[in-house]
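Asker: predicted model and sequence below, questions to follow.
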Amino acid sequence: MTAGEGQPRTEGVPSPLGFPDPGPARFDSVADVRERLSAAGYLADDGIAGVVHLADRLAKPVLVEGPAGTGKTELAKSVARVTNSRLIRLQCYEGLDESKALYEWNYKKQLLRIQAQQVVDDEDSPGGHGSGEPRSWRALEEDIFSEEFLLTRPLLEAIRSQESVVLLVDEVDRVELETEALLLEVLSEYQVSIPELGTVKADRIPMVFLTSNNTRELSEALKRRCLYLHLDYPSLERERAIVSTRVPGITEELADQVARIVRSLRTLELKKYPSVSETLDWARTLVVLGVESIDAEQAKSTLHVLLKYRSDLERAAKELAGVDEAKT
Ligand SMILES: Nc1ncnc2c1ncn2[C@@H]1O[C@H](COP(=O)(O)OP(=O)(O)OP(=O)(O)O)[C@@H](O)[C@H]1O
Ligand SMILES: [Mg+2]
């Protein structure tokens with residue numbers, strides 16, 4: 001597992017096990033992942049940290065699924081931050097294709113070069129147009145399909161980078177199956193074949209995070225290729241810690257109350273459960289309002305930060321009133 005650790009990677013040499021060589025380790029252990037992420041403000045449990053550690057050592061992409069606002073995107077960003085890696089993000093959307101994900105040729109620039117070349121050819125040729133054309137076309141073709149005319153997109157950028165890279169393929173469930181297949185191809189080999197230029201192989205295998213909100217089922221092939229991480233709502237303790245870490249000026253008591261109330265709301269039957277990002281928005285709102293310890297009235301009057309459906313607001317308000325009555 002530690003093969004190649006601390007040594008530069010030799011391009012094209014497969015590891016003895018036939019897996020891609022992961023290169024020098026970015027993390028020492030599961031605890032190291034957790035501690036470094038925590039120092040950067042991302043609070044991971046052992047499950048999350050364990051998957052990140054394995055992804056690094058096995059050079060496998062991680063498919064992160066789970067409800068909205070549970071820290072999927074932030075996990076990739078935080079891993080990039082703590083490993084001093086360059087974050088390259090491919091934001092997925094319906095209609096995303098190879099030319100936006102991988103590379104495309106700069107057609108406008110190519111056209112300009114062709115036109116410029118024609119002017120030179122005309123001036124150089126006393127015999128008029130056409131003399132020596134096949135040879136000059138071949139040279140021109142080589143010229144316009146060279147590096148200078150290549151527009152690299154995130155996947156190719158990640159493969160070619162000399163630095164350590166974290167590649168975030170965000171909201172992969174939004175792309176069509178053909179683009180998913182393209183991703184799969186790149187992530188299986190960590191190489192890209194450009195017919196006019198040849199094959200580009202990764203010098204250092206990037207850490208890859210694919211996030212999905214589960215709007216559609218991803219292919220078995222993609223799942224097979226990845227380690228799987230389901231990011232659910234955090235435990236009470238972890239959410240309280242996230243609030244304390246992420247909301248400057250909040251009292252321990254208020255962080256605890258916020259986490260408890262949000263947790264109890266998630267047990268109700270709601271159209272949309274409050275996410276971690278909404279918990280944080282709510283906590284920040286309460287701090288701005290100067291609240292140090294919340295009562296049911298204050299909670300009710302600010303619930304709209306946490307819940308976004310009228311029926312959910314009504315249900316939550318009833319629940320809070322019940323808690324208040326039980327207290328008195
Ligand atoms: N474990 C965590 N530690 C610290 N902050 C967290 C954690 N989880 C979530 N957050 C906070 O929640 C916010 C939302 O997280 P993020 O945008 O990563 O969610 P997401 O799962 O990608 O949501 P979506 O599916 O809507 O894209 C982050 O900006 C971060 O502040
Ligand atoms: Mg996200």
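Answerer: Sure, I can see it. Residues are numbered from 1 along each chain as shown. Ligands and ions are numbered 1, 2, ... in the order given.

Asker: kindly export stretch 150-166 (C-alpha atoms) in CSV.
Answerer: C-alpha atoms of stretch 150-166 as CSV (Å, rounded to 0.1, in the frame of the first residue of the first chain):
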residue,chain,number,x,y,z
LEU,A,150,-6.2,23.3,-28.0
LEU,A,151,-8.7,24.5,-25.5
THR,A,152,-8.4,22.3,-22.4
ARG,A,153,-11.4,21.7,-20.3
PRO,A,154,-11.5,20.4,-16.7
LEU,A,155,-11.0,16.6,-17.3
LEU,A,156,-8.0,17.1,-19.6
GLU,A,157,-6.7,19.9,-17.3
ALA,A,158,-6.8,17.5,-14.3
ILE,A,159,-5.0,14.7,-16.2
ARG,A,160,-2.3,17.0,-17.5
SER,A,161,-1.6,18.9,-14.4
GLN,A,162,1.9,18.6,-12.9
GLU,A,163,0.6,19.6,-9.5
SER,A,164,-1.4,17.5,-7.1
VAL,A,165,-5.0,17.9,-8.2
VAL,A,166,-8.4,17.3,-6.6
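
Asker: contacting residues around stretch 161-174?
Answerer: 26, 63, 73, 76-77, 79-80, 83-94, 96, 154-155, 158, 180, 183, 203-204, 206-216, 218, 222 (Cβ atoms under 8 Å, 6 or more residues apart in numbering). For the C-beta atoms, the positions are set from N, CA and C on the backbone; glycine is no exception.

Asker: keep only the residues you listed that also lie close to ligand 1.
Answerer: T73, T211, N213 (Cβ under 6 Å from any ligand atom).

Asker: next, format the residues you listed as a markdown table and append neighbour count, secondary structure and pLDDT.
Answerer: Shown next, in a markdown table, are these (neighbours: other Cβ atoms under 10 Å; DSSP: H, G, I helix; E, B strand; the rest coil; pLDDT from 0 to 100):
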| residue | neighbour count | secondary structure | pLDDT |
| --- | --- | --- | --- |
| T73 | 17 | helix | 97 |
| T211 | 24 | strand | 97 |
| N213 | 16 | coil | 90 |
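
Asker: ok, the residues you listed vs Q191, which is closest?
Answerer: Of all those, Q191 sits closest to T211, with 23.4 Å by Cβ to Cβ.

Asker: where strands are concerned, which of the contacts of stretch 161-174 count?
Answerer: Cross-referencing the contacts of stretch 161-174 against strands under DSSP state E gives 63, 86-91, 207-212.

Asker: tell me the buried residues in stretch 138-154?
Answerer: L140, I144, F145, F149, T152, R153, P154 (16 or more other Cβ atoms under 10 Å).

Asker: ok so, going back, could the ones next to ligand 1 among the contacts of stretch 161-174 be laid out in a markdown table, adding distance to V262?
Answerer: Converted to a markdown table, those look like this (distance: Cβ to Cβ, whole Å):
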| residue | distance to V262 |
| --- | --- |
| T73 | 20 |
| T211 | 22 |
| N213 | 20 |
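
Asker: what's the closest of these to ligand 1?
Answerer: Nearest to ligand 1 among those: T73, at 3.4 Å, using Cβ to the nearest ligand atom.

Asker: was I right to think that closest one contacts L210?
Answerer: No. T73 lies out of contact with L210 (Cβ atoms under 8 Å); the separation is 10.9 Å.

Asker: any idea of the pLDDT on the one residue in the stretch 51-200 of the chain that gets nearest to ligand 1?
Answerer: Closest contact between the stretch 51-200 of the chain and ligand 1, by Cβ to the nearest ligand atom, is at G71 (2.4 Å). Predicted confidence (pLDDT) for G71: 96.

Asker: just P24 next, same as before
Answerer: Reading off the model, P24 has pLDDT 87.

Asker: state the number of residues packed around it.
Answerer: By other Cβ atoms under 10 Å, 14 other residues sit near P24.

Asker: helix, strand, or coil at it?
Answerer: coil (DSSP: H, G, I helix; E, B strand; the rest coil).

Asker: what about it, distance to E185?
Answerer: Using Cβ to Cβ, to the nearest Å, P24 is found at 26 Å from E185.
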